[in-house]
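In: Take this sequence and fold it.
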Amino acid sequence: MRGCLSVLVLAAALIAGLAWFAAPPLASTVIGAVLSGTGYQAASTTITATADPPIRLLIGRADRVTIDGRDVTWRTFRTARLLLTLDDVDLFGRTAGTIQGSITGAELQTTDAASPPTADVTIDGSGAEASASIRVSGAAVDRLVRARFASSYQVAVTSTALVAPNTLQVVAPGATVEGRLVIDASGALVLVTRLGSAQVFAFDPSFPLRLTAVRVVGTDLELDGTLDANALLGG
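Out: Alright, predicted model coming up:
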């Protein structure tokens, strides 16, 4: 009887030990499947999940999940690199308590540029509404404006300038156009002039990052926004 009990105890300990060490790689596999189900694809991705104790991962709870992807496509959104850390994650509920990290080379949505302008994004805050800081270079804005004027008005722009706090100046032969850069109700960046308004760019609507404010910082644009990480995970 004692021998049988010893075998059962040893077997239980072995199963518990296997579960302890197998939980992190299994959770990483589950997270990869969750991301794939939301439309995530990448040339390469590294996913790590941790919990204390690790066995909590087997019931879908992670203290921290890190996603490091390169050449990422998320639905129709594209970016060169995505590095995000999510805390207090419910893998099955697809929610996160907080999120922080960066998105580098995120493509912005526009119909005028031959190659879409890109932005660098820093994220920090709650899973439901994290603060996002977006930086777009003045050079990218210049290329976009030149493309817009060439395709829409058949005008070759001489120069552009970003002027604090939120002004864009466009110089063309025989005319100078000046307008305010604002975020409209749809979350797009819009140039408002006395002749009317025109959208400059927006984030891909399939990626739950909404622009809320814009300002000129030095020679670049800096935008504020909010990211819903829970929507990103499909929660």
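In: For the residue most central in space within the chain, pull up the helix or strand it's in.
Out: Closest to where the C-alpha atoms of the chain average out (C-alpha atoms, centre = their mean) is I103, at 5.4 Å. Assigned by DSSP states H and E, I103 belongs to strand 95-107.
In: That strand - contacts with which helices or strands?
Out: strand 77-90, strand 118-126, strand 130-136, helix 229-232 (3 or more C-beta pairs under 8 Å, 6 or more residues apart in numbering; DSSP states H and E). Heads up, the C-betas are built off the backbone N, CA and C, glycines and all.
In: Okay, buried residues for that strand please.
Out: With burial defined by 16 or more other C-beta atoms under 10 Å, the residues of strand 95-107 counted as buried are 95-96, 98-107.
In: Surely S28 forms part of a helix?
Out: Yes. Assigned with DSSP: H, G, I helix; E, B strand; the rest coil, S28 falls within a helix.
In: Quick check: it touching T50?
Out: No. Using C-beta atoms under 8 Å, S28 makes no contact with T50, being 10.1 Å away.
In: In terms of neighbours, single out the busier of those two.
Out: Between S28 and T50, counted using other C-beta atoms under 10 Å, S28 has the larger neighbour count: 20 against 15.
In: How many residues are close by the residue nearest to the more buried one when sequence neighbours are not counted?
Out: Setting aside the residues directly before and after it, S28 is nearest to I47 in space (C-beta to C-beta, 6 or more residues apart in numbering), at 4.5 Å. When neighbours are defined as other C-beta under 10 Å, I47 has 19 of them.
In: Could you double-check that A43 lies in contact with T73?
Out: No. Between A43 and T73 there is no contact under C-beta under 8 Å: 9.4 Å.
In: out of the two, which sits in the more crowded spot?
Out: T73 (15 against 10).
In: which ones are touching G101?
Out: For G101, the contact set (C-beta atoms under 8 Å, 6 or more residues apart in numbering) comprises 82-85, 122-123.
In: cutoff 7 Å now
Out: By C-beta atoms under 7 Å, 6 or more residues apart in numbering, G101 lies in contact with 83-85, 123.
In: Give me the average confidence score over the helix or strand hosting G225.
Out: Assigned by DSSP H and E, G225 belongs to strand 220-227. The average of the pLDDT scores along strand 220-227 is 98.
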